[in-house]
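Trainee: sharing a model that was predicted from the sequence below.
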There are 2 protein chains.
Amino acid sequence: MARTPLRSDLLEQITGRVLDGRLPAGARVNEVHLAKELGVSRTPLREALIGLADRGLLVSAPGRGFLVPPFDVGEARRLYPLLAELEALALRWTSPVELAGLPDALDAVSDEMAQALADGGDLSGLDDRWHALLLSRCPNPHLLRLIEQTKPLLKRYESAYFAGDGHAGESIGEHRRIAAALRDGDLSAASAVLVANWVKALAYLGKDGR
Amino acid sequence: MARTPLRSDLLEQITGRVLDGRLPAGARVNEVHLAKELGVSRTPLREALIGLADRGLLVSAPGRGFLVPPFDVGEARRLYPLLAELEALALRWTSPVELAGLPDALDAVSDEMAQALADGGDLSGLDDRWHALLLSRCPNPHLLRLIEQTKPLLKRYESAYFAGDGHAGESIGEHRRIAAALRDGDLSAASAVLVANWVKALAYLGKDGR
DNA sequence: TAGATAGCTATTGTATGCAATACTGCCGGC
DNA sequence: GCCGGCAGTATTGCATACAATAGCTATCTA
């Protein structure tokens, strides 16, 4: 049998489709069509859809299947602070000695981001890597799970509202400030900038306040 | 068709079995036997199992199905502060005017708990109601979802380690102190006691440190 | 002409069937 | 006597089949 269940792959693929809009907000998911397109049967597909509904990236309408939830700026406004608080908490719970090893690695990613910004490379993926690295030493797997569950919800708004590069320049600067604060052992400063980093993204989102 | 999907009912039923130990820690879940016992087919049962694995109440072992995770005091030690922080956050995000209406209702539940403590009634359910009421006015549904997902993980440890009444008396007192702090508009005091309430439960857990 | 309704199709929710892997018990070798 | 391999069974993971509702179209009525 497959060592990696089909539903896991499907879950990732469908997440991608929701994030990049191939499954647009408000759309119903047709299980038969999607299964045929993905070359699988409905069973593992439905398992993936249920998983996505559990995470909030889809909603289940009894008798009508699954649909992509409509955009709601209010929801975005609640998601950003939530993720900010969760990441700040993860940072608080990371031991100082573990944190000490991070700033150099973080800045290395920041360098890559700066380079990519100049070259027009993949910024979003590097931003993800930076945040993943920041949280990588947190000893509470359940908190990390909650963060991983929440991030895609937010990324959907980011993908929809700006192509992904909008505030990347400022973001790099903030990332460097966070690393610097960690170097100084100033955890509360790092958290503050981290929260500000997320909230600033929210401000961009609100500008064309759809 | 069923207006409420079978998987939802099953999810609740299986949650109950995990919490009360009818599905003991470390046990494998046999889909055929369980499906027969519950009088359903494997399909909706598996859907429920996948949902539980997403929440962490089961773990999926590829090729070997689902199993109830073993107890791990370290995990409990991480879950209690997590839930404490999440509930405190929900409290911080509840508007003062909404909070003002809560203390009386909270104390009413505390009264019921005191009565139940004397009569030997259902304490656990009332404790749940108290916490649900405390969070009921939080305007961030995603945070509430995370809390609801995390709670059963923790309840499994509570159910396993003491029959459910152990520290109920002290808990009622702390609940009243939280309500009193809310009445005074002292949110940080309320949060502090709330966190202490959860952490004290953890202390009880550690005593016979299995 | 607008609205309701009946019949038909599309789609979901559940059940069953099938193939491949994992477990169990036994036998043989060392 | 213990470990490794092997056959048979049990169990999972995926695919397909079936039943019932949701949605749509077209007709009929007021």
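Mentor: Structure's in. What do you need?
Trainee: are stretch A:58-66 and DNA strand C in contact anywhere?
Mentor: Yes. Using C-beta under 7 Å from any atom of the strand, we find that stretch A:58-66 touches DNA strand C at A:S60, A:A61, A:P62, A:G63, A:R64, A:G65, A:F66. All C-beta atoms are positioned from the backbone trio N, CA, C, and that covers glycine.
Trainee: quick one: the strands in chain A?
Mentor: Assigned by DSSP state E, chain A shows strands spanning A:59-61, A:65-67.
Trainee: for A:L52, which of those strands is the nearest?
Mentor: A:L52 lies closest to strand A:65-67 among the strands of chain A, at 7.5 Å (C-beta to C-beta).
Trainee: the closest one near DNA strand D anywhere?
Mentor: No. Figure legend: strand A:65-67 not in contact with DNA strand D (C-beta under 7 Å from any atom of the strand); closest approach 9.0 Å.
Trainee: for chain A, what lies in contact range of chain B?
Mentor: When proximity is defined as C-beta under 8 Å from any C-beta of the partner chain, chain A approaches chain B at A:1-5, A:7, A:43, A:46-47, A:50-51, A:54-56, A:60, A:62-63, A:75, A:78-79, A:81-82, A:85, A:89, A:93, A:139-143, A:145-146, A:149-150, A:153.
Trainee: adding neighbour count and pLDDT, write the residues of stretch A:58-66 next to DNA strand C out as CSV.
Mentor: Output for the residues of stretch A:58-66 next to DNA strand C, formatted as CSV (neighbours: other C-beta atoms under 10 Å in any protein chain shown; pLDDT from 0 to 100):
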residue, neighbour count, pLDDT
A:S60, 17, 96
A:A61, 11, 95
A:P62, 11, 94
A:G63, 9, 92
A:R64, 8, 95
A:G65, 14, 96
A:F66, 23, 97
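Trainee: tell me the centre residue of chain A?
Mentor: A:K151 (3.1 Å; C-alpha atoms, centre = their mean).
Trainee: residues touching it, list them.
Mentor: The neighbours of A:K151, taking C-beta atoms under 8 Å, 6 or more residues apart in numbering or on different chains as the test, are A:L83.
Trainee: the lowest-mean-pLDDT helix or strand in chain A: which residues count as buried?
Mentor: Scoring the helices and strands of chain A by mean pLDDT, DSSP states H and E places helix A:187-207 at the bottom, with a mean of 74. In terms of neighbour count (16 or more other C-beta atoms under 10 Å in any protein chain shown), helix A:187-207 has its buried residues at A:L187, A:A190, A:S191, A:V193, A:L194, A:V195, A:N197, A:W198, A:K200, A:A201, A:L202, A:L205.
Trainee: how many neighbours does A:P81 have?
Mentor: Using other C-beta atoms under 10 Å in any protein chain shown, A:P81 is surrounded by 17 other residues.
Trainee: and the closest residue to A:Y157 other than its chain neighbours, how far is that from DNA strand D?
Mentor: Distances taken as C-beta to C-beta, 6 or more residues apart in numbering or on different chains place A:A76 nearest to A:Y157, at 4.5 Å, with adjacent residues excluded. Distance of A:A76 to DNA strand D, computed by C-beta to the nearest atom of the strand, to the nearest Å: 27 Å.
Trainee: now swap in A:A160 and tell me
Mentor: Look at A:A160 and DNA strand D: by C-beta to the nearest atom of the strand, they are 25 Å apart.
Trainee: what does A:L99 give?
Mentor: With the distance defined as C-beta to the nearest atom of the strand, A:L99 ends up 38 Å from DNA strand D.
Trainee: quick one, what contacts the spatially closest residue to that residue that is not a sequence neighbour?
Mentor: Using C-beta to C-beta, 6+ apart and skipping the chain neighbours, the partner closest in space to A:L99 is A:L182 (5.5 Å). Taking C-beta under 8 Å, 6+ apart, we find A:L182 in contact with A:L99, A:A100, A:L102, A:P103, A:L106, A:A190.
Trainee: just give me the neighbour total for the nearest residue to A:E47 once chain neighbours are set aside.
Mentor: Setting aside the residues directly before and after it, A:E47 is nearest to A:R7 in space (C-beta to C-beta, 6+ apart), at 4.0 Å. Using other C-beta under 10 Å, A:R7 is surrounded by 22 other residues.
Trainee: unless I'm mixing things up, A:R7 is touching A:S41, no?
Mentor: No. Contact criterion C-beta atoms under 8 Å: A:R7 and A:S41 do not qualify, at 11.3 Å.
Trainee: state the pLDDT value of the closest residue to A:R156 other than its chain neighbours.
Mentor: Leaving aside its sequence neighbours, A:R156 sits nearest to A:L19 (C-beta to C-beta, 6+ apart; 5.5 Å). A:L19 is assigned 94 on the pLDDT scale.
Trainee: measure A:L19 to A:T4 for me?
Mentor: A:L19 sits 21 Å away from A:T4, taking C-beta to C-beta, to the nearest Å as the criterion.
Trainee: quick one: which of the two has more around it?
Mentor: Applying other C-beta under 10 Å to A:L19 and A:T4 shows that A:L19 carries more neighbours, namely 19 against 9.
Trainee: residues in contact with the more buried one?
Mentor: The contact partners of A:L19, taken as C-beta under 8 Å, 6+ apart, are A:P152, A:K155, A:R156, A:S159.
Trainee: how many other residues sit next to the second one?
Mentor: It stands for A:K155. For A:K155, the number of neighbouring residues by other C-beta under 10 Å comes to 20.
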